[in-house]
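# coordinates only, no sequence provided:
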């Protein structure tokens with residue numbers, strides 16, 4: 001059985017995967033980590049992203065915030081709740097990725113968010129969940145630094161290669177329909193290009209969220 005890192009190994013596969021990996025993350029957070037997931041995305045205003053302690057990397061976040069101020073807000077990928085606490089999550093899971101993990105993280109001041117808006121309601125944020133493609137060397141020290149920087153807020157990094165390998169091995173009941181739906185859509189697309197397509201009603205993108 002192939003590992004995830006060997007399955008998605010070129011730009012075409014990476015582009016296709018980028019169209020639906022958020023569905024996998026949302027269902028994994030719900031099915032394996034016991035989070036309640038919310039449909040749609042939250043909004044974080046930069047005025048609510050100021051929570052930071054002094055550290056050697058603090059200036060990087062401050063520089064990123066200065067660049068972001070003119071845009072007023074950002075839209076993280078997801079919003080979840082667990083044990084009465086609310087979290088935002090962001091995923092950068094393009095396998096063909098040239099940037100360093102630290103470079104990406106310190107360009108995302110949404111990690112510092114203390115509040116977020118979801119469907120016009122303001123929520124206090126207790127932490128930030130981040131998803132990256134595969135675990136790079138030295139990631140433990142980076143994660144430790146970020147945890148200390150934003151404590152008592154929580155910060156966690158998850159790696160998509162580990163999640164996919166787990167899903168492929170365990171064949172989760174929530175995972176298989178996502179993959180089958182995407183496979184059917186891609187098959188239909190190529191059949192249409194070959195002139196062999198049939199008219200079948202399209203399924204909604206968020207039907208499994």
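Everything's here; your move. Treat the numbers as computed from the prediction; the structure is a model and nothing was measured.
# report the longest helix in this structure, please.
If you go by DSSP state H, the chain has its longest helix at helix 175-193.
# which strands and helices sit next to it?
Applying 3 or more C-beta pairs under 8 Å, 6 or more residues apart in numbering; DSSP states H and E, we find helix 175-193 packed against helix 21-31. All C-beta spots, glycine's among them, are computed from the backbone N, C-alpha and C.
# which strands or helices does the helix it packs on pack on?
Judged by 3+ C-beta pairs under 8 Å, 6+ apart, helix 21-31 is in contact with strand 36-37, strand 78-82, strand 85-92, helix 160-170, helix 175-193.
# out of those, nearest to residue 61?
Proximity to residue 61, assessed across the helices and strands packed on helix 21-31 by C-beta to C-beta, is greatest for strand 85-92 (14.5 Å).
# buried sites along the helix or strand of the chain with the lowest mean pLDDT?
One helix or strand of the chain scores below all others by mean pLDDT, DSSP states H and E: helix 58-68, with a mean of 75. In terms of neighbour count (16 or more other C-beta atoms under 10 Å), helix 58-68 has its buried residues at 60, 61, 64, 65, 68.
# and stretch 80-100, by the same measure?
Of the residues in stretch 80-100, 80, 86, 87, 88, 89, 90, 91, 92, 93, 94, 95 count as buried by neighbour count, 16+ other C-beta under 10 Å.
# okay, the residues you listed in TSV with pLDDT and distance to residue 166 next?
Formatted as TSV, the buried residues of stretch 80-100 follow (pLDDT from 0 to 100; distance: C-beta to C-beta, whole Å):
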residue	pLDDT	distance to residue 166
80	98	19
86	98	25
87	98	21
88	97	23
89	98	18
90	97	20
91	96	16
92	92	19
93	87	15
94	80	20
95	81	17
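# tell me which two of these sit farthest apart.
Maximum distance among the buried residues of stretch 80-100 (C-beta to C-beta): 29.7 Å, for 86 and 95.
# picking that back up, out of the helices and strands packed on helix 21-31, which is closest to residue 12?
Nearest of the helices and strands packed on helix 21-31 to residue 12, taken as C-beta to C-beta: helix 175-193 at 11.0 Å.
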